[in-house]
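Chemist: Sequence first, then the predicted structure, then my questions.
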2 protein chains.
Amino acid sequence: MNKEEVIKRICETYAPLSRACQQELLDNGMMLFLEKNHILVREGQHSDKTYYIINGCARAYYLKDGKDITDWLAFENEFISSIISFFTHQPSPHYIELLEDSVLVEFSKSKIDELADKYHDFERLIRMVVTKTMLSQQEKIASMQFYSAKEKYANILAIRPDITQRVPLTFIASYLGITLETLSRIRNPRN
Amino acid sequence: MNKEEVIKRICETYAPLSRACQQELLDNGMMLFLEKNHILVREGQHSDKTYYIINGCARAYYLKDGKDITDWLAFENEFISSIISFFTHQPSPHYIELLEDSVLVEFSKSKIDELADKYHDFERLIRMVVTKTMLSQQEKIASMQFYSAKEKYANILAIRPDITQRVPLTFIASYLGITLETLSRIRNPRN
DNA sequence: CGCCGAGTTGAACTGAATCAAGAAACGTGG
DNA sequence: CCACGTTTCTTGATTCAGTTCAACTCGGCG
């Protein structure tokens, strides 16, 4: 997939853009080819970038008292960024790390704001991206409030059946808010 | 506070609007004076309204297997709506209920979408509202992943010291994802 | 071949839930 | 303004899901 196709796909997913706006966006997205384990953002950095994943996957995580807690997982055709840093210009509390060799398109906040100012249709697209993210978070909150460890695991498997092939169990566990040991027991068919 | 002042305040909080847009928004917001315990939205309804709270407070909650789980609390100068229904046009999984006699301004989704189409600056305002909501949710997720019952209670008290005077402990407990009994023990100074 | 990181299994522990009973506060009507 | 019933909150005893700590297994890779 090349950059043109990425832009086209983003328009289809979120909201259409004029030719001119598409072209400017194209000029301002940088394609990155990076290896598994590459760290896109470190704790304490000011990160004003967002990354659209063409291929591969990534996780955002916190280090809290030495413990590694996965906060977000993103796959093909999703955006990932240090949302706190990106939207509030504060230093990032997250790390963002690639879990596979990945192809990304990087966009900077300043360019996004500039384009949102210039093009009404781009402003709408950003609104749609943010709205979608908000709805995913709403789902995550509901899942944390309602479901047992077992149910949360079943939920994530239903949404993304290949996740155990792509993401180490430690990260899945901490994404679900449980320990690796608990996840391992859940997965054991005898329980 | 009258409607003009509300619009002005919203512009200050989120993003400025042209005179024309402010006027149209004004014409389309309906002021409501409602009593404590009034239910704004019921489970299963299609709710395409959002409410800006001028005075009072409200909660969104689920009924899950007969258990009442508070999902969101909102106070003066905040919006509340059944976010799933509002943004996805699905039937609401939430109830929304007033916790005090309240003054609200009601806006309908169709008008908001219409204005967002017509005015670039209004589109931006909506983007800002959604972004802010998303950031609050991010905080809530982090608080659920990191903190013990005691810490979560301390957090919410720090943000809103008068909450125990305004919101029954049952709702605070379920908002924090703990039981009423646990909250009661936490509050007991001997523990 | 042997090491190392990822995952599994076991046993003991714990924070919070559940169940149950009672106390305090609240509001409504007489 | 008080009495009574209802709702809200507290306290206690018990249980349980999930954590913690520790030892072990397995598979891949230098």
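Modeler: Cool, got the structure. Numbering: from 1, shown residues only, chains lettered A, B, ... in the order given.
Chemist: Would you map the strands across chain A?
Modeler: Applying DSSP state E to chain A gives strands spanning A:30-34, A:39-41, A:49-55, A:58-64, A:67-74, A:79-80, A:95-98, A:102-108.
Chemist: Can you tell me which of those is nearest to B:Gln138?
Modeler: strand A:67-74 (8.5 Å; CB to CB). Any C-beta I mention is one placed from the backbone N, CA and C, and that applies to glycine too.
Chemist: mind listing what the residue most central in space within chain A touches?
Modeler: Closest residue to the average C-alpha location of chain A: A:Ile80 at 2.9 Å, with CA atoms, centre = their mean. Contacts for A:Ile80 were tallied using CB atoms under 8 Å, 6 or more residues apart in numbering or on different chains; they are A:40, A:50-51, A:53, A:58, A:60, A:72, A:74, A:96.
Chemist: one more time with 7 Å, if that's ok
Modeler: A:Ile80 makes contact with A:51, A:53, A:58, A:60, A:72, A:74, A:96, according to CB atoms under 7 Å, 6 or more residues apart in numbering or on different chains.
Chemist: Who does it form a beta bridge with?
Modeler: Judged by DSSP bridges, the bridge partners of A:Ile80 are A:Tyr51.
Chemist: what about the helix ranked longest in chain A, near chain B?
Modeler: Of all the segments of type helix in chain A, defined by DSSP state H, the longest one is helix A:120-146. Yes - counting by CB under 7 Å from any CB of the partner chain, chain B has neighbours in helix A:120-146: A:120, A:123-124, A:126-127, A:130-131, A:133-135, A:137-138, A:140-141, A:144-146.
Chemist: Likewise for stretch A:13-25?
Modeler: No - judged by CB under 7 Å from any CB, stretch A:13-25 makes no contact with chain B; its nearest approach is 10.5 Å.
Chemist: Domain parsing of chain A, as residue ranges.
Modeler: As recorded under automatic domain parsing, the domains making up chain A are A:3-145, A:147-191.
Chemist: And the ones you listed: which comes nearest B:Ile84?
Modeler: Among those, the nearest to B:Ile84 by CB to CB is domain A:3-145 (6.6 Å).
Chemist: end to end, how far does the closest one reach?
Modeler: Chord length of domain A:3-145, first to last residue, is 39 Å (CA to CA, to the nearest Å).
Chemist: re the thing from before, out of the domains of chain A, which is closest to B:Asp27?
Modeler: Closest approach to B:Asp27 among the domains of chain A (CB to CB): domain A:3-145, 21.7 Å.
Chemist: same question for stretch A:182-191, mean pLDDT?
Modeler: When pLDDT is averaged over stretch A:182-191, the result is 87.
Chemist: Could you measure from the residue in chain A that DNA strand C sits nearest to over to A:Cys57?
Modeler: For chain A, the residue closest to DNA strand C is A:Ser184, as judged by CB to the nearest atom of the strand, at 3.1 Å. According to CB to CB, to the nearest Å, A:Ser184 stands 22 Å off from A:Cys57.
Chemist: Compare these two (neighbour count), which wins?
Modeler: A side-by-side neighbour count of A:Ser184 and A:Cys57, using other CB atoms under 10 Å in any protein chain shown, places A:Cys57 first with 20 against 13.
Chemist: how near is the more buried one to DNA strand D?
Modeler: 18 Å (CB to the nearest atom of the strand, to the nearest Å).
Chemist: nearest to B:Leu32, of the domains of chain A?
Modeler: Closest approach to B:Leu32 among the domains of chain A (CB to CB): domain A:3-145, 24.7 Å.
Chemist: For A:Phe86, grab the count of nearby residues.
Modeler: Neighbours of A:Phe86 under the rule other CB under 10 Å: 20.
Chemist: Would you mind confirming that it is in contact with A:Gln45?
Modeler: No - using CB atoms under 7 Å, A:Phe86 is not in contact with A:Gln45, being 11.2 Å away.
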